[in-house]
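sequence and predicted structure, then a few things I'm wondering about:
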Amino acid sequence: MRSSAEPKGHLYEQVAERMSRLIDKGTIKAGEKVPSVRTLSIQLGVSISTVLQSYLLLEDRGMIEARPQSGFYVRLRARELPPEPMMSAPSRAASTVDIADLSLEVHDAIMDPTIVPFGAATPSDELLPTRKLYRILGSVARRHEVLSNRYDSPQGNLELRRQIAKRSIDWGGSLVPEDVVTTVGCSEALNLCLRAVTKPGDTVAVESPVYFGFLQILEALGLRALEVPTHPREGICLDDLASAIRKHRVSAVFLSANFQNPLGACMPEKNKKETVEMLSEKGIPLLEDDVYGDLYFEGARPKALKAYDRTGTVLLCSSFSKTISPGFRVGWTVPGKYLTQVRRLKLASSISTATLLQMAIAEMLGSGGYDHYLRRIRKAYALQMQMMIQAVRRYFPEGTRVTRPKGGTVLWVEFPQKIEAIELYRAALAKRISIIPGPLFSPKRQYRNCIRLNCGQSWTERIEEAMITLGQLALRML
């Protein structure tokens with residue numbers, strides 16, 4: 001007969017309760033990995049099947065989650081999360097853009113290696129495949145000593161274009177190499193595509209908030225921006241976009257459908273299809289930035305807007321800067337029916353993209369090394385995103401809101417109204433921490449109480465201390 005002091009329930013339930021207490025008390029924090037099944041089996045002197053049953057029970061309760069080929073991790077539960085931002089409500093009038101000076105100031109701070117890089121949307125150096133990439137680079141240079149030192153075609157290296165076309169199957173495309181133009185990063189791709197479909201003074205409809213790098217291009221080209229309300233999870237509001245193009249003479253639309261910068265929003269597939277069909281029907285070019293599309297955390301890769309394009313009016317732009325190497329600056333575009341214009345502009349702008357760097361990336365894509373690498377960094381970014389959200393909940397002022405990205409590396413934080421983002425940016429910089437203030441993501445300098453944080457850096461004590469400091473600086477402004 002069991003004594004009253006003896007634990008009740010099956011052995012796997014007892015193990016589950018023990019782990020549950022560790023999680024509830026914060027011994028194992030949200031986002032952290034729990035001991036492996038084998039390790040816990042040895043530590044507790046129970047069978048592997050008992051531990052596995054206990055983990056499955058905790059998974060059913062929503063306390064942990066399994067990640068393929070990685071193990072079990074503590075989940076962020078709804079009651080532990082800060083609230084989310086609401087749908088944005090920007091001004092409905094088109095305006096000129098004036099962010100160049102603030103952009104330059106912020107960019108200078110981002111580049112300082114001594115500063116905690118919450119501002120730069122780039123990965124930790126140790127997460128990049130640098131050694132592998134440079135081995136490939138050396139090998140390609142030795143094998144193609146003459147070819148790699150020549151100008152490449154303005155349209156780009158044929159093998160790289162072939163690899164990009166082959167990978168288009170992943171996002172719902174069916175490209176051939178002749179559809180692709182390689183560029184100096186995604187920025188040049190967007191610049192060339194904008195120049196192909198607009199002229200100075202034209203109006204471009206954009207998400208709000210919108211990636212400030214795109215606003216910089218609009219400003220440089222003398223274009224006007226029309227902000228459209230955007231949901232932090234589902235992206236641009238289609239009703240508002242339809243209204244905007246009815247009321248204004250819109251020459252082009254810019255969207256980032258997959259893990260938008262800065263919100264991290266991912267448009268539902270139904271919305272993507274409706275958006276492309278609506279704009280195609282009106283003959284309005286759609287510029288798509290898909291630099292984060294490969295960095296999804298779970299499930300299958302989301303489709304690009306380009307997957308629904310039947311008329312060639314979607315100009316897809318992307319790069320390998322957010323995945324393989326920011327420093328290589330190798331991007332690409334699929335400009336649809338504007339291919340000839342983009343090729344001409346590319347020749348006039350930069351002649352061609354660096355030959356050796358294109359060849360190295362093409363070889364990495366063709367070898368299968370890219371896919372293996374992506375599987376690893378998706379897990380890392382998913383964990384880092386959870387850790388950052390948890391730190392916002394723990395250290396930032398009450399009432400702070402934060403987004404819930406399912407991919408990418410950026411997080412949007414909305415503070416209580418009293419907190420001025422630019423003032424916080426400068427106070428943080430004095431503490432050797434960089435952030436991006438919200439006004440940079442709006443041509444009218446809206447989002448004065450918001451910031452964007454980079455989650456691409458590996459979680460360390462230095463990162464946690466920086467989040468504590470940011471929270472303290474924000475609290476002083478209340």
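Received the coordinates, thanks.

which residues touch the closest residue to Arg233 other than its chain neighbours?
What sits nearest to Arg233 in space, not counting adjacent residues and going by CB to CB, 6 or more residues apart in numbering, is Ala265, at 5.7 Å. From N, CA and C alone the C-beta is placed, and that goes for glycine too. Ala265 makes contact with 230-235, 259, 403, 405, according to CB atoms under 8 Å, 6 or more residues apart in numbering.

shaky segments in the stretch 301-450 of the chain?
Within the stretch 301-450 of the chain, no stretch falls below the threshold (pLDDT under 70).

quick one: the strands in it, in order.
Counting by DSSP state E, counting those that start in this stretch, the stretch 301-450 of the chain has strands at residues 314-319, 330-334, 401-402, 410-414, 433-434, 436-437, 450-454.

what ranges do the helices span in the stretch 101-250 of the chain?
Counting by DSSP state H, counting those that start in this stretch, the segments of the stretch 101-250 of the chain that form helices are 130-143, 158-167, 185-197, 212-220, 238-247.

buried deepest among those helices, which one?
helix 185-197 (a mean of 24; mean count of other CB atoms under 10 Å).

any idea of the mean pLDDT for that helix?
Across helix 185-197, pLDDT averages out at 98.

give me the angle between that helix and strand 314-319.
Direction vectors for helix 185-197 and strand 314-319, defined by axes from the mean of the first three to the mean of the last three CA atoms, to 10 degrees, enclose an angle of 160 degrees.

helix 185-197 packs against which elements?
On a contact count with 3 or more CB pairs under 8 Å, 6 or more residues apart in numbering; DSSP states H and E, helix 185-197 meets strand 181-184, helix 212-220, strand 250-255, strand 286-289, strand 314-319, strand 330-334, helix 339-350.

Cys455 is nearest to which of these?
With CB to CB, the closest approach to Cys455 among the helices and strands packed on helix 185-197 belongs to helix 212-220: 17.5 Å.

separation between the nearest residue to Gly213 once chain neighbours are set aside and Ser70?
Nearest residue to Gly213, sequence neighbours excluded (CB to CB, 6+ apart): Ser187, at 6.0 Å. Distance from Ser187 to Ser70, counting by CB to CB, to the nearest Å: 33 Å.

is it true that Asp294 touches Ala304?
No - at 10.7 Å, Asp294 does not count as touching Ala304 under the criterion of CB atoms under 8 Å.

overlap in contacts of those two?
With CB under 8 Å, 6+ apart, Asp294 and Ala304 have no common neighbours.

in stretch 14-34, what's buried?
Neighbour counts over stretch 14-34 (16 or more other CB atoms under 10 Å) mark 14-16, 19-20, 23, 28, 30-31, 34 as buried.

for Ser349, give its distance to Ile451.
Taking CB to CB as the measure, Ser349 falls 33 Å from Ile451.

more neighbours, the two?
Ile451 (28 against 15; other CB atoms under 10 Å).

is the more buried one in a bridge, and if so with what?
Beta bridges link Ile451 to Val413, Pro437, judged by DSSP bridges.

show me what contacts it?
Residues in contact with Ile451, defined by CB under 8 Å, 6+ apart, are 412-413, 415, 421, 424-425, 435-438.

the same query, at a cut-off of 10 Å, please.
Contact analysis of Ile451 by CB atoms under 10 Å, 6 or more residues apart in numbering lists 118-119, 262, 411-415, 419, 421-422, 424-425, 428, 435-441, 470, 474.

now swap in Leu223 and tell me
94, 96-97, 194-195, 198-204, 215, 217, 251-252.

for these, which one is nearest Leu286?
Using CB to CB, these come closest to Leu286 at Ala252, 7.2 Å.

could you count how many residues lie near that closest one?
Around Ala252 there are 22 residues (other CB under 10 Å).

residues contacting it?
Contacts of Ala252 by CB under 10 Å, 6+ apart are 193-194, 196-198, 202-206, 223, 279, 284-287, 313, 315.

quick one: the lengthiest helix in the chain to chain centroid distance?
Longest among the helix segments of the chain by residue count, using DSSP state H, is helix 369-395. The chain centroid and the centroid of helix 369-395 are separated by 11 Å, computed with CA atoms, centre = their mean, to the nearest Å.

give me the buried positions along that helix.
369-370, 373-374, 377-392, 394-395.

before we move on, what about stretch 227-237?
By neighbour count on 16+ other CB under 10 Å, the buried set for stretch 227-237 is 227-233, 235-237.

and which of those residues is nearest to Ser319?
Checking those against Ser319 with CB to CB, the nearest one is Gly235 at 20.3 Å.

any idea how far the closest residue to Tyr370 other than its chain neighbours is from Thr114?
Spatial nearest neighbour of Tyr370, excluding adjacent residues (CB to CB, 6+ apart): Met364 at 5.3 Å. Separation of Met364 from Thr114 (CB to CB): 31 Å.
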